[in-house]
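got a structure for you, letters missing:
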């Protein structure tokens, strides 16, 4: 076979050799591997019908297609493998305990609580750590991953257990999967009155995939219809056989609400850990761990809840967490107290990072700030290239209904901002998994932690995107900018509302949404009696303008006295008018409503349809 020729220049043709390229590589990266001119590869791609620049990140499919054309086998390096190679270039081994057996000491088990929504996971954690988490949560659903450490006495010995609190609804699949990866033992919560539900099976599969032992907490044994025996029978079908039935899974009947048998559950966790696992780590080496949750704090900057897995993390250590780095300025434990160091299996809140890392990013301590910065920058570049390489079809949201009716393929562009990285990733994952047919695609242009900023609005303007604010609001002039430019910014505090509304928009099912707009207020200065018209209010227009036939309400001493009134008559001196503006006096007749007094305020308003873009 002849080598391909472009413009008379012969390109080096391979013999099936394997070329390793990272996700989002460019034609320049490909050219370096085979010793070719990048411009000639651009020409090859043009011959293949693809317009690609030399430095543009391209998709895996494009790299594979080019490799086939040039007779090379292209191997796309996974992000995990690429990260391992990156760390090896700095002589860093992640995930390994240094020293021999004598350097290892026992550490507390790390436990994740899983199960079906409403089966009592949060209440169980509440009972364990004696604080009320449920009351402050929107919709009673755990929105963020947290980590807590508790103590219990087993066989006369004080033992510690670390809990990672992962939410239990399918919308949080990504967060729960990450929680399971950092977990030693899973507590599967099943309600005795409901039995095994779909999310119970989903949680069970996550735990099995992470290859962790399972302790079953049969909750709500105090409610009517509770049948713990039925739960044991149902779970037998999924490979969880209770010890009393000859299996090796510990079942504990509890009531999180009443606080029954909580100590027995903690004891079961410790006994399972002792029997099934060798939980040891070297506390003397440089710390390594995993970011459980991260967010942007107004006073502290970027903060991350970190679970130390090996080594000891100390104040002053230089750390890199995902694509964030920095020097540990302070550490707080789960009770908010300052701590100087964190040993294996200890969760701490770390302050001092340059930006907000993602949930599940690994943490490691390095010798120099320069090394941390280089690792973080290379990781960030890799993520950026991978994002640029995603093949997308551009369709604006403005033409949603029109394009749907025309039968054209279209795409919904989104920008997601939230208060914590785990929730943002869970929301993104859930939205991308929405199944609304082949006509509509979803593309997340940008996601981040923190308030909605002007740069987010700029990006939305240029790409016809919707901005979703999850537990955050617009900062500074971003709100006015969005209103001025017609950018749709939607705020949510419960993740399911966001998912349902976006799904409805994609299906074209959103009903018109109306908002109340205040038109003007009038203060009653005098009340005139009329045998023909009833009471007439002599008013001074305090703000805006008052129009005839608009809706009104009567406010007395700050309290609403009457709703759904109508401005039937409007007069200036002896003339009937259609409106009276701010600063002018006039007369108002509210039809059959006559209960008006001096100093009352008439507030007029109208309901306007909110535009959906």
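Arrived safely, thanks for sending. Just so you know, these numbers come straight off a predicted model, no measurement behind them.

Residue 548: what's it in contact with?
567, 568, 569, 570, 577, 578, 579 (Cβ atoms under 8 Å, 6 or more residues apart in numbering). Yep, even glycine has a C-beta here, placed from its N, CA and C like the rest.

Return the members of the residues you listed classed as buried.
567, 568, 569, 570, 577, 579 (16 or more other Cβ atoms under 10 Å).

Kindly reformat these as JSON lines containing secondary structure and distance to residue 255.
Formatted as JSON lines, the buried ones among the contacts of residue 548 follow (DSSP: H, G, I helix; E, B strand; the rest coil; distance: Cβ to Cβ, whole Å):
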{"residue": "567", "secondary structure": "coil", "distance to residue 255": "59"}
{"residue": "568", "secondary structure": "coil", "distance to residue 255": "61"}
{"residue": "569", "secondary structure": "strand", "distance to residue 255": "65"}
{"residue": "570", "secondary structure": "strand", "distance to residue 255": "65"}
{"residue": "577", "secondary structure": "coil", "distance to residue 255": "69"}
{"residue": "579", "secondary structure": "strand", "distance to residue 255": "64"}
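
Next, give me the two most distant ones among the residues you listed.
Maximum pairwise distance among the buried ones among the contacts of residue 548 (Cβ to Cβ): 14.1 Å, between 568 and 579.

Switch the buried ones among the contacts of residue 548 over to JSON lines; also include distance to residue 328.
What follows is the buried ones among the contacts of residue 548, written out as JSON lines (distance: Cβ to Cβ, whole Å):
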{"residue": "567", "distance to residue 328": "64"}
{"residue": "568", "distance to residue 328": "69"}
{"residue": "569", "distance to residue 328": "71"}
{"residue": "570", "distance to residue 328": "68"}
{"residue": "577", "distance to residue 328": "70"}
{"residue": "579", "distance to residue 328": "64"}
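
Could you single out the nearest of these to residue 13?
Closest to residue 13, out of all of the buried ones among the contacts of residue 548 and judged by Cβ to Cβ, is residue 579, at 80.2 Å.

if we can go back for a sec, which one of the buried ones among the contacts of residue 548 is nearest residue 554?
residue 567 (11.5 Å).

That closest one touches residue 590, doesn't it?
Yes. Look at residue 567 against residue 590 with Cβ atoms under 8 Å: they come within range, at 7.1 Å.

thinking again about what came up before, which two of the contacts of residue 548 have the greatest separation?
Longest span within the contacts of residue 548, Cβ to Cβ: 568 and 579, 14.1 Å.

re earlier: now the buried ones among the contacts of residue 548 as JSON lines including pLDDT?
As requested, the buried ones among the contacts of residue 548 are exported to JSON lines (pLDDT from 0 to 100):
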{"residue": "567", "pLDDT": "93"}
{"residue": "568", "pLDDT": "90"}
{"residue": "569", "pLDDT": "90"}
{"residue": "570", "pLDDT": "92"}
{"residue": "577", "pLDDT": "91"}
{"residue": "579", "pLDDT": "91"}
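
Among those, which one lies nearest to residue 244?
residue 567 (75.2 Å).

OK, contacts around that closest one?
546, 547, 548, 549, 550, 552, 588, 589, 590, 602, 604.

hang on, the first one is in a strand, isn't it?
Yes. Under the criterion used here (DSSP: H, G, I helix; E, B strand; the rest coil), residue 546 sits inside a strand.

How much space separates it from residue 579?
7 Å (Cβ to Cβ, to the nearest Å).

swap in the second one?
Summarising the geometry, the distance separating residue 547 from residue 579, computed by Cβ to Cβ, is 4 Å.

can you map out the helices along the stretch 401-550 of the chain?
421-432, 454-463, 478-485, 495-506 (DSSP state H, counting those that start in this stretch).

Show me how far the last one is from its chain's centre.
Spelled out, that is helix 495-506. 14 Å (Cα atoms, centre = their mean, to the nearest Å).

which residues in the stretch 501-613 of the chain form strands?
513-530, 534-547, 551-556, 559-566, 569-572, 575-576, 579-581, 585-589, 601-610 (DSSP state E, counting those that start in this stretch).

how about CSV for the ones you listed, with distance to residue 304 added?
Formatted as CSV, these follow (distance: least, Cβ to Cβ, whole Å):
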stretch, distance to residue 304
strand 513-530, 37
strand 534-547, 47
strand 551-556, 48
strand 559-566, 47
strand 569-572, 61
strand 575-576, 67
strand 579-581, 55
strand 585-589, 59
strand 601-610, 37
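
Show me the one of these that comes nearest residue 37.
That would be, of those and by Cβ to Cβ, strand 601-610, which comes in at 55.0 Å.

Show me what the closest one is packed against.
For strand 601-610, the elements it packs on are strand 513-530, strand 534-547, strand 551-556, judged by 3 or more Cβ pairs under 8 Å, 6 or more residues apart in numbering; DSSP states H and E.

shared neighbours of residue 546 and residue 579, which are they?
With Cβ under 8 Å, 6+ apart, residue 546 and residue 579 have common neighbours residue 570.

Phi first, then psi, for the closest residue to residue 369 other than its chain neighbours.
Distance criterion Cβ to Cβ, 6 or more residues apart in numbering; nearest residue to residue 369, sequence neighbours excluded, is residue 318 at 5.4 Å. With angles defined as degrees, to the nearest 10, residue 318 sits at phi -90, psi 120.

quick one: residue 318 and residue 290, what's the gap?
18 Å.

so what's the residue nearest to residue 503 when sequence neighbours are not counted up against?
With sequence-adjacent residues excluded and distances taken as Cβ to Cβ, 6+ apart, residue 503 is closest to residue 434, at 5.2 Å. Residues in contact with residue 434 (Cβ under 8 Å, 6+ apart) are 442, 499, 502, 503, 506.

what about the last one, how many neighbours?
Residues within reach of residue 506, counting by other Cβ atoms under 10 Å, total 23.

For my notes, confirm residue 257 occurs in a helix.
No. Residue state for residue 257 (three-state DSSP) corresponds to coil; a helix is not indicated.

What pLDDT is listed against it?
We have a pLDDT of 87 for residue 257.

what's the pLDDT at the residue located most distally from the centre of the chain?
Relative to the mean C-alpha coordinate of the chain, counting by Cα atoms, centre = their mean, the farthest residue is residue 531 (63.9 Å). Looking at residue 531, its pLDDT stands at 81.

do you know how far it is from residue 598?
From residue 531 across to residue 598, the span is 21 Å (Cβ to Cβ).

so where's the chain uncertain?
For the chain, the stretches flagged by pLDDT under 70 are 1-12, 79-80, 95, 130-145, 166-181, 387-411, 436-440, 507-513, 611-613.

cutoff 50 now
Low-confidence segments of the chain (pLDDT under 50): 1-3, 7-9, 131-145, 168-173, 175-180, 391-399, 403-404, 407-409, 509, 612-613.

can you pull up the bridge partners for the nearest residue to residue 465 once chain neighbours are set aside?
If the residues on either side of it in the chain are set aside, residue 465 comes closest to residue 413, at 3.7 Å by Cβ to Cβ, 6+ apart. Legend: beta-bridge partners of residue 413 under DSSP bridges are residue 443.

Count the residues that sit near residue 413.
Neighbours of residue 413 under the rule other Cβ under 10 Å: 23.

pretty sure it contacts residue 443?
Yes. Using Cβ under 8 Å, residue 413 makes contact with residue 443 at a distance of 5.3 Å.

Quick one: name whatever helix or strand follows the helix or strand in which residue 217 is found.
Per DSSP states H and E, residue 217 falls inside strand 214-219. Scanning forward in sequence from strand 214-219 by DSSP H and E, the next helix or strand is helix 228-236.

quick one, that next one and strand 214-219 angle?
Orientation check (axes from the mean of the first three to the mean of the last three Cα atoms, to 10 degrees): helix 228-236 against strand 214-219 gives 150 degrees.

what's the longest helix in this structure?
If you go by DSSP state H, the chain has its longest helix at helix 369-388.

Residue 242 and residue 249 touch, don't they?
Yes. Using Cβ under 8 Å, residue 242 is in contact with residue 249, at 5.9 Å.
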